[in-house]
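In: I would like the atomic coordinates for the input below:
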Amino acid sequence: MNPRDHRDLAGGLLMVAIGVAAALVARRWGFGTPADMGPGFFPQLLGWLLAALGLLIALAAWFRGGQAGEGLRGRNLVCVSGAIVLFALALQPAGLVAATFGAALVASLADARSGWAGRVATAAGVSALVALIFAGALGMDLPLGPSGR
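Out: Presented below is the predicted three-dimensional model:
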C-alpha cells in the first residue's frame, strides 16, 4: 500500500479547522440575507467554503499516494503563519497597503528559489491589487495608510 500524501492531508485538515472556526465565530454577527447582508454574511460564507475546499483536498490526499518520508516543511509553516500574524498586527497601525506588502513579503520567504527583486515585485503587486479591489472596487472603509486614508 502506498503511503498517503501527508502534506496535502495535513493542509486540507488545517483548512477545514480554520474554515469551521471562522464560520462559527462569525455566527455571533448578524447573517442577514443576500439582499441585505449582515456583518457575518461573508465571514460565514467564506469559512464554510474554506472548510469544504479543505475537505476536498484532504479526501484527495487520503486516496493519493505520497512519497515516503515526505513531511511538512517547517520553513513554509513559519513563513506563512508569520505572514498572517504580521498582517493582523500591522493592519491597524500601518494600514492596508503596508500590512499587505509586509505579509506578502514574509510569505514569499517560504520559497527559497525566489530572489529579492521578485519578492518585492510580488508584494507590491499584491498590495496594489488588494487596495484596488477592497478599497476601490468594493468601496470598503479600510485605512490604506497610517493616516487612515
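In: so where is this structure shaky, pLDDT-wise?
Out: Within the chain, the segments meeting pLDDT under 70 span 1-3, 66-73, 147-149.
In: quick one, strands of it?
Out: Applying DSSP state E to the chain gives no strands.
In: and residue 76, what does it touch?
Out: Contact partners of residue 76, counting by C-beta atoms under 8 Å, 6 or more residues apart in numbering, are residue 110. In short, each C-beta sits where N, CA and C put it, glycine included.
In: alpha carbons only: can I get stretch 48-62 in CSV?
Out: In CSV, the C-alpha atoms belonging to stretch 48-62 read as follows (Å, rounded to 0.1, in the frame of the first residue of the first chain):
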residue,chain,number,x,y,z
TRP,A,48,-17.7,27.2,5.1
LEU,A,49,-16.3,27.5,1.6
LEU,A,50,-12.8,27.1,3.0
ALA,A,51,-13.8,24.1,5.1
ALA,A,52,-15.4,22.5,2.0
LEU,A,53,-12.3,23.0,-0.1
GLY,A,54,-10.1,21.8,2.7
LEU,A,55,-12.2,18.6,2.9
LEU,A,56,-11.9,18.0,-0.8
ILE,A,57,-8.1,18.5,-0.6
ALA,A,58,-7.9,16.1,2.4
LEU,A,59,-10.0,13.4,0.8
ALA,A,60,-8.0,13.5,-2.4
ALA,A,61,-4.8,13.3,-0.4
TRP,A,62,-6.2,10.3,1.6
